[in-house]
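Enquirer: Fold the stuff below for me.
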Amino acid sequence: MAATEDTYPVNGRHSTRQVTGWAGLIRVDGKAFTWMGAPRDVEAASQVAYEYTSTKSIFTIEVDDKVSMKVTFLSPLTPDDFRRQSLVFSYMNVEVSSLDGSNHDVELYTDISAEWVSGDLAAIAQWDFGATDDVSYHRVWKQNQQSFSEVNDRAEWGNIYYATDSSDGLTYQSGADTDVRGAFVGQGKLANSKDSNFRAINSNWPVFGYAADLGSVGASPVSTLFTIGLCQDDAIQFLGANGLTTIPSLWKSYFSDDLAALSFSHKDYSESSKLSTDLDTKISSDSIAAAGQNYAILTTLAARQAFGAVQLVGTQDKHYLFLKEISSNGNTQTVDVIYPASPIFYYTNPELVKLLLDPHFENQESGHYPNKFAIHDLGTHFPNATGHPDGNDEHMPIEECGNNLIMVLAYAQRSGNSDYIKQHYPILKQWAEYLVEDSLYPAEQLSTDDFAGHLANQTNLALKGMIGLEAMSQISTLAGEDADAQNYSSIAHDYIDQWQTLGLNTADNPPHSILNYNNATTHGLLYNLYNDRLLNTSLVPQSVYDMQSDFYPTVEETYGVPLDTRNRWYTKSDWEVFCAAIASEETRDMFIADLAKWVNETPTSRPFTDLYQTNDGAFPPGIEFKARPVMGGMFALLVL
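Expert: As a prediction, the model looks like this:
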């Protein structure tokens, strides 16, 4: 369950808003209540508190003024531990204690539905029940497995596991939702039976339940742990150095099979929780130190969302991190999504950025892309990283060439791995040469804000190309190519001098950058200026930073600063934080306070969005970005 899911733990929802049924019931002294989901005709308990950290969502629920429940959803983040991070498992820990000082007889119930296995509700589901290493599990899968296929952005292959400890007080059952839940409501236990009628997900809605008899519960909490996750043997199709190949999930290198992975994950709760809590504390304390409590609201909300869009695949000897562009489309390994997401990866483990870039280098250096500029993505829809051998991807030449050069240098600076630069120097230079040709006067191109359309001579896009050239100068120095270093730096400085005349309106009061050349009445977020600070290239004069810091407050709206003058209201929260990271303290705090206000005041239960309207906080008409990994950009201040 995501940190930004509905604030009462109702049925889980995928980012597409399709229900993934997850229900919870509890009987206290023989009377049944609902604490999660929406089972019919069962009175709801009362949620009294909710909090989130970077890795946890924690609900406090009171039942009939008799017992209290603390329900903790944990999605572990272990950026330095690839064995744990490669596992696609999360936890739900339920603690029950007496609220009124008396002991109460308590039975706890929870189930998942077959909706977890497919985006097609007419698909046939199959299931089983078993136990391994004192862990009981329901296994559910789509009967007709379709590897590397998605329906409604849902994987159509692999096994879903729902597990708990094999205790004396545990009973289980699979069957129609009304039958299984009704058995618990009436009897407080299940029949230890398996429904053998495999059927469509929406045919008498099969569910897979557990009932745990907690006995007489007093003031000391009684805990029950549930583990839920997905196991896929093969994860990605990739067009790389060896042609089109299938790449396994990385966890396969550490565990012999599904059950070994499940057993480890379930029994690892204590350690995973400790590691995640350490990261929670670090993110919170670093964020507060950087820019206060409002900033911590943003970073802690963004962490799981960014990591939820990436998957470790391959083997221990050669592995990759693949990313899905969620909700805006389903592209695989989109460069201009990796780039805004990258701050969280630089912050938690810079090697993750390398693992995101490696497939791009391998694909293009193997001759699978005919254009001289950098590719936009590695596949039209995840998990197919089959590239674009015909060259017909979505072209963003300056955007992606600049992004790659910037990210590679930022990685090398933070890792000390100059060999990586030497290994890929020829193609880095190829991309730099494109920037030499087009950065000063960008043709009518798309930037990463492609929803706004093509535009010639974009001031902000040109700036990315110029900083990319100065980055190439530093890359050349690290590679021992001193003549190249001098050449690219000379060009970058020449271009930036001209850019200050072409892209800035210094006649207005206050002065500001303009959206595109010779368009004095326009303005926009100059978020690519962030790269100058990220890389310490010192290409852009401090006066430009100061000018923008002074300007942004003059165009502030209720929930932030609009993206640019092509649209009166909409903005991008990732780019706002990029701007905040390099602004004066006063302007920085303005950006962050407005975003925190948006989080706290807007009523949507959708995941944290990067695109919203600054006047009312709503999604722009016809565009609903949500659950996108670009929210890793909330960490932009921490990278600096």
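Enquirer: When you work out contacts or count neighbours from here on, use the C-alpha atoms and nothing else.
Expert: Will do.
Enquirer: you'd agree residue 245 is in a strand?
Expert: Yes. The assignment for residue 245 is a strand, going by DSSP: H, G, I helix; E, B strand; the rest coil.
Enquirer: Spit out the contact partners of it.
Expert: Residue 245 makes contact with 237, 238, 239, according to C-alpha atoms under 8 Å, 6 or more residues apart in numbering.
Enquirer: Most neighbours out of those, which is it?
Expert: residue 239 (25 neighbours; other C-alpha atoms under 10 Å).
Enquirer: who touches the host helix or strand of that one?
Expert: Element membership of residue 239 [criterion: DSSP states H and E] is strand 234-240. For strand 234-240, contacts defined as C-alpha under 8 Å, 6+ apart pick out 147-148, 244-249, 313, 359, 362-363, 366, 368, 383-387.
Enquirer: possible to save the contacts of residue 245 as TSV with pLDDT and distance to residue 517?
Expert: Below are these laid out as TSV (pLDDT from 0 to 100; distance: C-alpha to C-alpha, whole Å):
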residue	pLDDT	distance to residue 517
237	97	42
238	98	40
239	98	39
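Enquirer: Give me the subset of the contacts of strand 234-240 lying in strands.
Expert: The members of the contacts of strand 234-240 that map onto strands under DSSP state E are 244, 245, 246, 247, 248, 313, 384, 385.
Enquirer: among those, which two are most distant?
Expert: Based on C-alpha to C-alpha, the longest span within the ones in strands among the contacts of strand 234-240 runs between 244 and 313 and measures 15.3 Å.
Enquirer: before we move on, the earlier item: please type out the PyMOL selection for whichever of the contacts of strand 234-240 turn out to be buried.
Expert: Entered in PyMOL, the line below selects the buried ones among the contacts of strand 234-240, by 16 or more other C-alpha atoms under 10 Å:
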select buried, resi 147+148+246+247+248+249+313+359+362+363+368+383+384+385+386+387
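Enquirer: picking up where we left off before, tell me the angle of the strand holding residue 239 relative to strand 243-248?
Expert: Relative orientation of strand 234-240 versus strand 243-248 (axes from the mean of the first three to the mean of the last three C-alpha atoms, to 10 degrees): 160 degrees.
Enquirer: all helices for the stretch 451-600 of the chain, in order.
Expert: 459-478, 482-502, 530-534, 542-551, 573-581, 585-601 (DSSP state H, counting those that start in this stretch).
Enquirer: Looking at the ones you listed, which one is packed in the most?
Expert: Of all the helices of the stretch 451-600 of the chain, helix 459-478 carries the top mean neighbour count, a mean of 27, counting by mean count of other C-alpha atoms under 10 Å.
Enquirer: can you point me to the longest strand in the protein?
Expert: Within the chain, and with DSSP E defining each element, the longest strand by residue count is strand 206-217.
Enquirer: Quick one: mean pLDDT for the following helix or strand past it?
Expert: Once the chain leaves strand 206-217, the next helix or strand it forms, by DSSP H and E, is strand 222-231. Strand 222-231 carries an average pLDDT of 98.
Enquirer: What's the per-residue pLDDT of residue 605 here?
Expert: Predicted confidence (pLDDT) for residue 605: 78.
Enquirer: And it, which helix or strand is it part of?
Expert: Per DSSP H and E, there is no helix or strand for residue 605.
Enquirer: Could you check how far it is from residue 625?
Expert: Taking C-alpha to C-alpha, to the nearest Å as the measure, residue 605 falls 13 Å from residue 625.
Enquirer: For the two, indicate the residue with more neighbours.
Expert: Neighbour count, other C-alpha under 10 Å: between residue 605 and residue 625, residue 625 has more, with 20 against 10.
Enquirer: can you pull the contacts of the spatially closest residue to residue 111 that is not a sequence neighbour?
Expert: In this structure, residue 111 finds its nearest non-sequential neighbour in residue 209, 4.0 Å apart by C-alpha to C-alpha, 6 or more residues apart in numbering. Counting by C-alpha under 8 Å, 6+ apart, residue 209 touches 109, 110, 111, 112, 172, 173, 174, 180, 181.
Enquirer: Chain neighbours aside, what residue packs nearest to the first one?
Expert: In this structure, residue 109 finds its nearest non-sequential neighbour in residue 211, 4.4 Å apart by C-alpha to C-alpha, 6+ apart.
Enquirer: swap in the fourth one?
Expert: Sequence neighbours aside, residue 22 is the residue nearest to residue 112 in space, at 4.5 Å (criterion: C-alpha to C-alpha, 6+ apart).
Enquirer: close enough to count as contact, the one you found and residue 115?
Expert: No. At 9.3 Å, residue 22 and residue 115 do not qualify as touching, with contact defined as C-alpha atoms under 8 Å.
Enquirer: Next secondary structure element downstream of the longest helix along the chain?
Expert: As assigned by DSSP state H, the longest helix anywhere in the chain is helix 269-291. Next helix or strand after helix 269-291 toward the C-terminus (DSSP H and E): helix 293-307.
Enquirer: Low-confidence stretches in this structure?
Expert: By pLDDT under 70, the low-scoring segments of the chain are 1-17.
Enquirer: Got the domain ranges for it?
Expert: What automatic domain parsing lists as the domains of the chain is 12-233+248-269, 292-639.
Enquirer: could you redo those domains as JSON lines and give each row distance to residue 275?
Expert: Output for the domains of the chain, formatted as JSON lines (distance: least, C-alpha to C-alpha, whole Å):
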{"stretch": "domain 12-233+248-269", "distance to residue 275": "7"}
{"stretch": "domain 292-639", "distance to residue 275": "13"}
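Enquirer: What ranges does the stretch 301-450 of the chain have for its helices?
Expert: 335-348, 351-365, 397-415, 418-423, 425-438.
Enquirer: For the shortest one, output the C-alpha coordinates as PDB.
Expert: Read it as helix 418-423. In PDB, the C-alpha atoms belonging to helix 418-423 read as follows (Å, rounded to 0.1, in the frame of the first residue of the first chain):
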ATOM      1  CA  SER A 418      36.600   7.700 -13.900                       C
ATOM      2  CA  ASP A 419      37.000   4.400 -15.700                       C
ATOM      3  CA  TYR A 420      33.300   4.500 -16.500                       C
ATOM      4  CA  ILE A 421      33.900   7.700 -18.400                       C
ATOM      5  CA  LYS A 422      36.800   6.300 -20.300                       C
ATOM      6  CA  GLN A 423      34.800   3.200 -21.200                       C
END
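Enquirer: Flag every buried residue along it.
Expert: Neighbour-count burial for helix 418-423 flags 418, 420, 421, 422 (criterion: 16+ other C-alpha under 10 Å).
Enquirer: Chain neighbours aside, what residue packs nearest to the second one?
Expert: What that stands for is residue 420. residue 412 (7.5 Å).
Enquirer: which residues does the one you found contact?
Expert: 418, 420, 421 are the contacts of residue 412 under C-alpha under 8 Å, 6+ apart.
Enquirer: Same question for residue 222.
Expert: 95, 96, 97, 214.
Enquirer: again, but for residue 422
Expert: Residue 422 sits next to 478, 479 when contact means C-alpha under 8 Å, 6+ apart.
Enquirer: State the distance from it to residue 542.
Expert: Relative to residue 542, residue 422 is positioned 32 Å away (C-alpha to C-alpha).
Enquirer: And residue 355, by the same measure?
Expert: 34 Å.
Enquirer: just residue 356 next, same as before
Expert: For residue 356, the distance to residue 542 (C-alpha to C-alpha) stands at 32 Å.
Enquirer: Leaving aside the residues adjacent along the chain, what's closest to the residue lying farthest from the centre of the chain?
Expert: Distance to the chain centre peaks in the chain at residue 102, reaching 43.7 Å (criterion: C-alpha atoms, centre = their mean). In this structure, residue 102 finds its nearest non-sequential neighbour in residue 218, 6.3 Å apart by C-alpha to C-alpha, 6+ apart.
Enquirer: so the one you found makes contact with residue 101?
Expert: Yes. Counting by C-alpha under 8 Å, residue 218 does reach residue 101; the two are 7.1 Å apart.
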